[in-house]
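> coordinates only, sequence not included:
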């Protein structure tokens, strides 16, 4: 049977002594932030009512609206500023940021270009242009803009981080790591650079270094979900399932409707042989995303480990309805059929599996004790026998 599987910089001694697993996160983090922003918006509304010609007040009001994701209202605030002063570079840049977040990348680029024309020595304007150009898949131009920003300010952490992200996208791993490291050196409290460096190190299989990065990221921002999730995935790969489970639980406190995290949590529980809890996690994932074939597959694996082979087959059936070529699922269903004595069904699934991936599954089936009841059958022997040259 195929088993469950998962879908650096120096740190001060004080940080090393911290137990990251004991950090608390609050489910009302987003609500509290929303309340603070609403209060701030009321203050800016009063300010611009009293001082309607205060350019920076209109800009700050727009920034607050952007953080509240009230994008059209934010643009209106920037437009008020630009009506007062069409050459207010800050308003053009912030307007570009909102348009970018709305997915209107072409318009955002026009705004960044206008800002960089107004203020050609502004590294922020060149960096913003780079961000949008990357999203438009104009990667070489994006790189040139990041380089221009860094020629104006060599320790500009945001541009270093963004260039690192782009170079990672272009497959230039070492250059990307160097950029993230320089961004962190320029701003040791830059959460995004720690997180991005952790993600890249994880992708490169450098799990311990990645964990150090994610630990630093969650220390900087305990209420942000991405670093907790990255940390959990690294811990899973390091076979530290209890700690992975703790981090997945923190993710779900902040992001309870993420099916993938419920699934990964189930996998960690499965590795701890806590199959009943694992099944409950997979079912949460399937409530959120009923067509999630992998969650149904892993639920089947957990049920099979409990000896509930008929229920496991039902779960595999559901997964295969969503993804008919799910070869691991076919193999495990064949295993359950064999254990139940349904030999024809088992052979049928094995035939499909070996036809798809003969090099992997022929030998696996031959030595798998789950297929013991098939060993005497000529049809099974023919399936698992290596072809003659």
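Thanks, I have it. For clarity, every value in this text was computed on a predicted model and none was experimentally measured. Residues are numbered from 1 along each chain as shown.
> going forward, measure contacts between C-alpha atoms and count neighbours the same way
Noted.
> I'd guessed residue 338 sits against residue 346; true?
Yes: in terms of Cα atoms under 8 Å, residue 338 counts as a neighbour of residue 346; the distance is 5.5 Å.
> Quick check on the two: which one has the bigger neighbour count.
residue 346 (24 against 21; other Cα atoms under 10 Å).
> residues touching that one, list them.
For residue 346, the contact set (Cα atoms under 8 Å, 6 or more residues apart in numbering) comprises 333, 334, 335, 336, 337, 338.
> quick one: low-confidence parts of the stretch 251-389 of the chain?
Scanning the stretch 251-389 of the chain for pLDDT under 70 picks out the ranges 388-389.
> For it, which segments count as helices?
Counting by DSSP state H, counting those that start in this stretch, one finds helices in the stretch 251-389 of the chain at the ranges 259-271, 275-288, 293-305, 309-322, 327-340, 343-356, 358-367, 378-384.
> Can I get the ones you listed in TSV including distance to residue 126?
Shown next, in TSV, are those (distance: least, Cα to Cα, whole Å):
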stretch	distance to residue 126
helix 259-271	36
helix 275-288	41
helix 293-305	42
helix 309-322	45
helix 327-340	48
helix 343-356	50
helix 358-367	50
helix 378-384	61
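> What count of nearby residues applies to residue 28?
12.
> Could you tell me the phi and psi values at residue 69?
In terms of degrees, to the nearest 10, the main-chain angles of residue 69 are phi 60, psi 30.
> what residues are up against it?
For residue 69, no contacting residues are found, by Cα under 8 Å, 6+ apart.
> what's the answer for residue 162, then?
Contact partners of residue 162, counting by Cα under 8 Å, 6+ apart, are 131, 146.
> before we move on, what SS does it have?
Secondary structure assignment for residue 162 (DSSP: H, G, I helix; E, B strand; the rest coil): helix.
> Please tell me I have it right and residue 173 contacts residue 167.
Yes: when contacts are counted by Cα under 8 Å, residue 173 is listed as touching residue 167 (6.8 Å).
> Counting by contacts, list what the longest helix anywhere in the chain packs against.
Of all segments of type helix in the chain, defined using DSSP state H, the longest is helix 29-50. The criterion is 3 or more Cα pairs under 8 Å, 6 or more residues apart in numbering; DSSP states H and E, and the helices and strands that helix 29-50 contacts are helix 55-67.
> so how far is the helix it packs on off the chain centroid?
Centroid displacement of helix 55-67 relative to its chain, using Cα atoms, centre = their mean, to the nearest Å, is 30 Å.
> repeat for stretch 371-380
Taking Cα atoms, centre = their mean, one finds stretch 371-380 lying 44 Å from the centre of the chain it belongs to.
> Next: stretch 368-381.
42 Å.
> And that stretch, end to end?
Using Cα to Cα, to the nearest Å, the span of stretch 368-381 from its first residue to its last is 13 Å.
> ok, and for it, which residues are buried?
Along stretch 368-381, the positions that meet the burial threshold by neighbour count (16 or more other Cα atoms under 10 Å) are 370, 371, 374, 380.
> which among these gets closest to residue 356?
Distance to residue 356 across the buried residues of stretch 368-381 (Cα to Cα) is lowest for residue 380, with 16.2 Å.
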